[in-house]
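Give me coordinates for this.
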Amino acid sequence: MKIATVGTGMITEWLNTAFQQNGLEPYAVYSRKQETGQRLADLYGMSKVYTDLDTMLADDQIDCVYIASPNSLHFSQAMKALNAGKHVILEKPFVSTIEECRTLIATAKQKHLFLFEAITVPYNPNYQKVRENLNRLGELKWVQCNFSQYSSKYDKFKNNENPNVFNPEFSGGALMDINIYNAHFITGLLGRPRRLTYTANMAANGIDTSGILLFEYDGFLAAGIGCKDSASENICQIQGDRGYIVIHSASSICAEAEIWIRGAKEPEIINLCEGHGAHYFEVLHFKRMMENQDWEGCCRMLDYSMEVMELVHQARLEAGIRFSADQK
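Numbering: from 1, shown residues only. Predicted coordinates:
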């Protein structure tokens with residue numbers, strides 16, 4: 001299976017490495033600049049570099065397109081790829097608005113093409129095992145995820161430059177870029193909350209540089225902290241009245257987990273990743289679904305992406321964060 005990549009950022013290296021590890025062929029790359037596209041092509045032995053997206057999508061050797069462009073371009077580029085008859089792996093956050101999400105999913109289903117959100121969390125075997133062990137913790141009382149990472153672009157932003165990741169025109173901000181992982185982690189474990197709110201540190205241009213998602217469930221709360229303006233230890237904890245689970249990593253990675261049941265002198269350890277990075281497992285699942293023509297599995301994951309997008313979209317609007325895409 002030949003994969004074409006849209007974009008040349010760091011995330012594209014992680015995914016193309018995972019493509020190769022799973023026996024998929026990084027075949028082509030689209031970049032606005034020949035030199036940046038050529039760098040990625042040389043790194044992964046890609047056959048072609050394109051500087052025109054339509055020309056690349058007309059290449060009948062391409063089976064699937066992986067899109068990792070700025071958030072605001074996800075919808076339009078994914079629609080182009082689907083209309084060109086290509087399967088699509090679309091980097092998180094899936095799209096900018098719930099309307100875009102509905103249209104994109106409907107198009108993929110109508111054309112009988114595979115469409116995946118490239119979100120590591122639900123496919124991670126450690127995460128799946130944590131979910132299986134939730135009932136051992138008794139009544140849940142508190143869940144928290146902190147994913148804080150000082151952005152390489154934040155200094156430029158403080159110096160009055162306008163990088164995409166802090167720009168409302170490009171659907172940037174901490175919620176969409178980093179807290180989205182926490183939203184997936186919590187929703188995937190606990191289901192849809194009664195209420196989800198977002199409180200953020202807001203910059204003058206109306207973008208959130210950090211913030212907290214508060215999930216209200218019957219009888220307990222969950223919080224997702226996401227910061228691009230500061231750093232801390234990244235951690236996930238799930239607390240019940242009989243024990244707790246702690247993961248000493250960001251929700252995006254979901255590394256080794258410790259299960260502490262009340263009274264135990266040592267934790268039980270969960271580590272099923274076998275030396276693979278988190279992106280390996282999402283690509284493994286995408287490959288299996290495409291090879292097995294597992295449309296039911298694909299649609300199930302699209303419904304899950306839709307649920308998270310509905311929650312995050314409403315919380316973002318209630319927090320007063322507006323993107324250019326909201327006016328389309």
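
quick one, strands of the stretch 101-250 of the chain?
Per DSSP state E, counting those that start in this stretch, the stretch 101-250 of the chain carries strands over the ranges 115-118, 140-148, 195-202, 208-217, 220-227, 235-240, 243-247.

Distance from the first one to the middle of the chain?
Between the centre of strand 115-118 and the centre of its host chain there is 9 Å, according to CA atoms, centre = their mean, to the nearest Å.

Spit out the contact partners of Ile186.
143, 145, 193, 213, 215, 222, 224 (CB atoms under 8 Å, 6 or more residues apart in numbering). For the C-beta atoms, the positions are set from N, CA and C on the backbone; glycine is no exception.

list the contacts for the fifth one?
Residues in contact with Phe215, defined by CB under 8 Å, 6+ apart, are 143, 186-187, 190, 193, 195-196, 221-224.

hmm, which of those residues are the buried ones?
The neighbour count (16 or more other CB atoms under 10 Å) marks 143, 186-187, 190, 193, 196, 222, 224 as buried among the contacts of Phe215.

will you turn the residues you listed into JSON lines that also has distance to Lys2?
As requested, those are exported to JSON lines (distance: CB to CB, whole Å):
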{"residue": "Val143", "distance to Lys2": "41"}
{"residue": "Ile186", "distance to Lys2": "36"}
{"residue": "Thr187", "distance to Lys2": "33"}
{"residue": "Leu190", "distance to Lys2": "39"}
{"residue": "Pro193", "distance to Lys2": "41"}
{"residue": "Leu196", "distance to Lys2": "39"}
{"residue": "Ala222", "distance to Lys2": "41"}
{"residue": "Gly224", "distance to Lys2": "37"}
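
Just name the closest of those residues to Ala325, please.
For those, the closest approach to Ala325 (CB to CB) belongs to Leu196, at 20.0 Å.

is it true that that closest one touches Ile212?
No - taking contacts as CB atoms under 8 Å, Leu196 lies outside contact range of Ile212: 11.1 Å.

Deepest-packed of the strands of the stretch 101-250 of the chain, please.
strand 115-118 (a mean of 24; mean count of other CB atoms under 10 Å).

Packing partners of it?
strand 87-91, helix 98-111, helix 278-291, helix 295-318 (3 or more CB pairs under 8 Å, 6 or more residues apart in numbering; DSSP states H and E).
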